[in-house]
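[1] Could you look at this predicted model? Sequence included:
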Amino acid sequence: MTSFPSAKTGWRARTISGTGEVSASRRAFTLVELVVAISVLAVLTGLAIPAIDSVQKERLARQPVNELYLLAREVRVRAMSEDRPYQIVIDGEGFRASRFLRPYSGIEEADTIRIELEQLSEREEIIAASEARGIQTEVPEPPDPRKEAVREGLKFFKEVAFPEGVRVSVRFWNDIEWVPLQGSEYRRWIFQPSGMCEPMRLRVEADQSFFEVDFHPLTAEIRSERSWVE
C-alpha cells in the first residue's frame, strides 16, 4: 500500500510493504550513511593517534625536567635555612641530592652516602633501645631547632632515576658545548647557603623529541625552555 503526503510528512513520502517494513532503497541509504560515518571516524582516529603519540613523547622528555626543578627548589631552601651548601649530582642514570660534604669525591659518592646513612640509622636505633631501658648514652641538651635542622640535613639523600631510553646532556657556565652524560661522566650542581647556584642548562632527549631548559643562577627557577617533537 502506498501512502500519500500529508501536512505532517510534507514533501517526502515513504513506500511501505504489506508487512510494514521500510523499503530496500531506504535501507540502502542508511548503509551509505553508516559507511560515511565509519570513514569519517577512521580519518579522525588517524589524525588523533599521531597527536597523542607526540604528547606522550613530550611528556617522557619533560618528566626528568619537572623532577629536577622540584628537587632544585627543595635543595635551595635547605641550603638557605640550614646555612649549609647542598648539591645535585647528575649522570646518565639520574640525579641525586644531598648535603655538599666532599668537593673532590667522584661518582662513587652515592654509595658512600648510603653506607653512612645505614650506619647512622643503626646508631640511632641502638641509642633509642638503650634509652628505652633507662640507659643514658648522651648528655641531654635543650632543644635547638637550628641544630636539629642541620643534623637532619645530614640524613637528606634523594635519588631520581631517568626513564628508560632517555639521554641527558648538561651545559654549565664554563662549558664550551653540551656535555653528554654517558658512562662515568657526571656533573655536580652546587647550591650555596646564600641561595645562589651555578647557572646550568639541561637537555633531555627521548624517542625523537627533546626538552631543553635554562635554570636561573639566583633562584634556580626555569627562565627559558624549548622543546621539539617529531
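    It's in. Residues are numbered from 1 along each chain as shown.
[2] thought Met196 was touching Pro217?
    Yes. At 6.1 Å, Met196 counts as touching Pro217 under the criterion of C-beta atoms under 8 Å. (Each C-beta comes from the backbone N, C-alpha and C, glycine too.)
[3] Looking only at neighbour counts, state which of the two leads.
    Set side by side, Met196 and Pro217 show more neighbours around Met196, with 17 against 13, by other C-beta atoms under 10 Å.
[4] For that one, list the residues it contacts.
    Applying C-beta atoms under 8 Å, 6 or more residues apart in numbering to Met196 gives the contacts Pro217, Leu218.
[5] gap between it and Arg78?
    Look at Met196 and Arg78: by C-beta to C-beta, to the nearest Å, they are 14 Å apart.
[6] Tell me the helix or strand right after the lowest-mean-pLDDT helix or strand in the chain.
    Every helix and strand in the chain was compared by mean pLDDT, DSSP states H and E; the lowest is helix 145-153, with a mean of 59. Going down the chain from helix 145-153, the next helix or strand is strand 157-161, by DSSP states H and E.
[7] who does the following helix or strand past that next one pair up with?
    Of the helices and strands lying after strand 157-161 in sequence (DSSP H and E), the nearest is strand 167-172. Using DSSP bridges, the strands paired with strand 167-172 are strand 179-180 (antiparallel), strand 200-205 (antiparallel).
[8] Tell me which residues of stretch 64-84 come out buried.
    Buried residues in stretch 64-84, counted by 16 or more other C-beta atoms under 10 Å: 64-65, 67-68, 71-72, 74-76, 78-80, 82, 84.
[9] my bad, stretch 174-194
    For stretch 174-194, by 16+ other C-beta under 10 Å, it's Val179, Leu181, Tyr186, Arg187, Arg188, Trp189, Ile190, Phe191, Gln192.
[10] for the fourth one, phi and psi?
    Meaning Arg187. Torsion angles at Arg187 (phi, psi; degrees, to the nearest 10) stand at phi -140, psi 150.
[11] Test my guess that it contacts Val179.
    Yes. Arg187 lies in contact with Val179 (C-beta under 8 Å); the separation is 6.9 Å.
[12] who touches both of the two?
    Both Arg187 and Val179 are contacted by Val170, under the criterion C-beta under 8 Å, 6+ apart.
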